[in-house]
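Undergrad: Generate coordinates for the sequence data below:
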Amino acid sequence: MTDAQETAAEDRLPAPGAPTSGSAPVPLLDPREGIPPVTADPEALAAVVGAFAAGSGPVAIDAERASGYRYGQRAYLVQLRREGAGTALIDPVACPDLSGLAAAIGDAEWVLHAATQDLPCLGEIGMHPGALFDTELAGRLAGFPRVGLGAMVENVLGYALEKGHSAVDWSTRPLPEPWLRYAALDVELLVDLRDALVEELTAQGKLRWAEEEFAAIAAAPPPEPRRDPWRRTSGMHKVRRRRQLGTVRELWTARDRVAQRRDISPGKVLADAAIVEAALAMPTSTRALAALPGFGHRMGRRQLEQWLAAVERARALPESELPQPGLPLNGPPPPRAWADKDPAAAARLSAARAAVTARAEELGLPQENLIAPDTVRRVCWEPPKDPTEESVAAALTHLGARPWQIEQVTPLLTAAVQD
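TA: Next up is the predicted model:
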């Protein structure tokens, strides 16, 4: 980082009217115009659409889900704020199609915090950004050590947000007033934070980098469904045998069907730890199953029979249908195996990692934001046959690296694979 960049990083720019640097953060207790009513019918939604169409400038957007309470990741509240329109709180259960609102916003820039978390659930209700600004990612690129919304608002703008309702059940109806206040405040200062971060990134010479990152997020297609999601069951490292793996799969699938039918978080139907215990023990009776942790006396006989049936299905599977211990590799093997499989590749990876780490420190940003670790691994495992800067840059482009990343790391990776 240059002297100018260090000075800019230390001198965080507050929004106009914000507390002076070094003073204690000012608690932000209420939205400027008060808590808006929840939009929950077509007439109210039409009024919101009209107001945001007539507004100006970027649009702050946030969404609240009910993770840990409901099945899936749908939105249960959408918050927006725009100059000239004020703040709107929309119930997407009562108003499930917000494509008209997205059209009214048009090409205006969306301002979100941790955009990749909210874009999937916003897409489900018809909202897709044309352009966006991610304040969390901007904070990472600018070198902030803490990039949660509360920390960013406090460090950059000097205000303290109340974060006590972040993990509540947002599917609750009606939503309590304190929750609505919290939700409105989440978008109250997003545009102010965006403006301050634009100045900060400009001072550090990183604004173009951020714009390339934001454009990639906005243009990214919806994520592909996860392959074998049951393999993410907590505690899977204890399960070694294929028959036991098949039991985890059968129990996970049965639990998922129940959770989806009841619209409840799978963990509230049956804990991951209970699935793993049953897979390790392979019980043969409801009594034996009930003796395992997670299947205690509170579980009825019908439920026990349901889970035992899943265990029995796994027990009856032919060997050919049992899952393998790991997914087929789509790319390089785990780095810990490189020294044995390909010592030269291991040496390339070690050199590349050291160079990328040093460059990230110079630039004042996390290594994973400078270049994805998987991209480094792939280039080092199978480098171009003629490893010139041009061929390495082409490989990085093929792997999805942005132009600014290619500029920064191509010389580093070229040297690593040549040596």
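Undergrad: Which other helices and strands does the strand or helix carrying Glu368 contact?
TA: Secondary structure from DSSP states H and E places Glu368 in helix 367-370. Where contact means 3 or more CB pairs under 8 Å, 6 or more residues apart in numbering; DSSP states H and E, helix 367-370 is packed against helix 135-142, helix 343-363, helix 403-418. All C-beta spots, glycine's among them, are computed from the backbone N, C-alpha and C.
Undergrad: Tell me what angle the helix or strand following that helix forms with helix 403-418.
TA: The element immediately downstream of helix 367-370 (helix or strand, assigned by DSSP H and E) is helix 373-381. With axes from the mean of the first three to the mean of the last three CA atoms, to 10 degrees defining the directions, helix 373-381 sits at 30 degrees from helix 403-418.
Undergrad: What is whichever helix or strand comes after helix 373-381 packed up against?
TA: For helix 373-381, the following helix or strand on the C-terminal side (DSSP H and E) is helix 389-398. In this structure, helix 389-398 packs against helix 373-381, helix 403-418, with contacts taken as 3+ CB pairs under 8 Å, 6+ apart.
Undergrad: so where's the stretch 1-150 of the chain shaky on pLDDT?
TA: Scanning the stretch 1-150 of the chain for pLDDT under 70 picks out 1-22.
Undergrad: Do a quick rundown of the helices in it.
TA: Assigned helices in the stretch 1-150 of the chain, in chain order: 3-10, 42-54, 99-105, 115-124, 135-142, 149-152 (criterion: DSSP state H, counting those that start in this stretch).
Undergrad: just those: most buried one?
TA: Most buried of these by mean neighbour count (mean count of other CB atoms under 10 Å) is helix 135-142; its value is a mean of 23.
Undergrad: who touches that helix?
TA: 9, 111-115, 147-149, 152, 190, 193-194, 197, 200-201, 204, 206, 209-210, 213-214, 217, 364-366, 369 (CB atoms under 8 Å, 6 or more residues apart in numbering).
Undergrad: Strands - which of those residues land there?
TA: The strands, defined by DSSP state E, take in Val111, Leu112 from the contacts of helix 135-142.
Undergrad: List buried members of the contacts of helix 135-142 by neighbour count.
TA: 9, 111-113, 115, 147-149, 152, 190, 193-194, 197, 200-201, 204, 206, 209-210, 213-214, 217, 364-365, 369 (16 or more other CB atoms under 10 Å).
Undergrad: Dump the helices of the stretch 1-150 of the chain to TSV, plus distance to Arg313.
TA: Listed next are the helices of the stretch 1-150 of the chain as TSV, based on distance: least, CB to CB, whole Å:
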stretch	distance to Arg313
helix 3-10	57
helix 42-54	46
helix 99-105	42
helix 115-124	32
helix 135-142	43
helix 149-152	45
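Undergrad: Select, out of these, the one closest to Pro387.
TA: Across the helices of the stretch 1-150 of the chain, Pro387 has its closest neighbour in helix 135-142 (28.3 Å, CB to CB).
Undergrad: Can you check what angle separates that closest one from helix 343-363?
TA: Interaxial angle of helix 135-142 relative to helix 343-363 (the same axes, to 10 degrees): 100 degrees.
Undergrad: for helix 135-142, the distance to its chain's centre please.
TA: Here the centre of helix 135-142 is set off from its chain's centre by 14 Å, with CA atoms, centre = their mean, to the nearest Å.
Undergrad: How about stretch 143-160?
TA: Worked out by CA atoms, centre = their mean, stretch 143-160 lies 18 Å from the chain centre.
Undergrad: First-to-last residue distance for that stretch?
TA: Terminal residues of stretch 143-160 lie 20 Å apart, using CA to CA, to the nearest Å.
Undergrad: out of the helices and strands packed on helix 367-370, deepest packed?
TA: Greatest burial across the helices and strands packed on helix 367-370, using mean count of other CB under 10 Å, falls to helix 135-142, with a mean of 23.
Undergrad: Quick one: neighbours of the residue nearest to Thr286 when sequence neighbours are not counted, just the number.
TA: Leaving aside its chain neighbours, Thr286 sits nearest to Leu304 (4.3 Å; criterion: CB to CB, 6 or more residues apart in numbering). Close neighbours of Leu304, defined as other CB atoms under 10 Å, add up to 18.
Undergrad: returning to that earlier point: can you give the distance from the helix holding Glu368 to the centre of its chain?
TA: Worked out by CA atoms, centre = their mean, helix 367-370 lies 16 Å from the chain centre.
Undergrad: And it, what's buried?
TA: Those would be Gln367, Asn369, Leu370, for helix 367-370 by 16+ other CB under 10 Å.
Undergrad: Kindly reformat those as a markdown table containing pLDDT and distance to Gln244.
TA: Putting the buried residues of helix 367-370 into a markdown table (pLDDT from 0 to 100; distance: CB to CB, whole Å) gives the following:
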| residue | pLDDT | distance to Gln244 |
| --- | --- | --- |
| Gln367 | 97 | 37 |
| Asn369 | 98 | 39 |
| Leu370 | 98 | 40 |
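Undergrad: surely Lys238 meets Val276?
TA: Yes - Lys238 is within contact range of Val276, at 5.9 Å (criterion: CB atoms under 8 Å).
Undergrad: Of those two, which one has the most company?
TA: Higher neighbour count among Lys238 and Val276: Val276, with 24 against 11, using other CB under 10 Å.
Undergrad: Leaving out sequence neighbours, find the closest residue to the more buried one.
TA: Gly235 (4.0 Å).
Undergrad: Same question for Asp30.
TA: Distances taken as CB to CB, 6+ apart place Arg181 nearest to Asp30, at 6.6 Å, with adjacent residues excluded.
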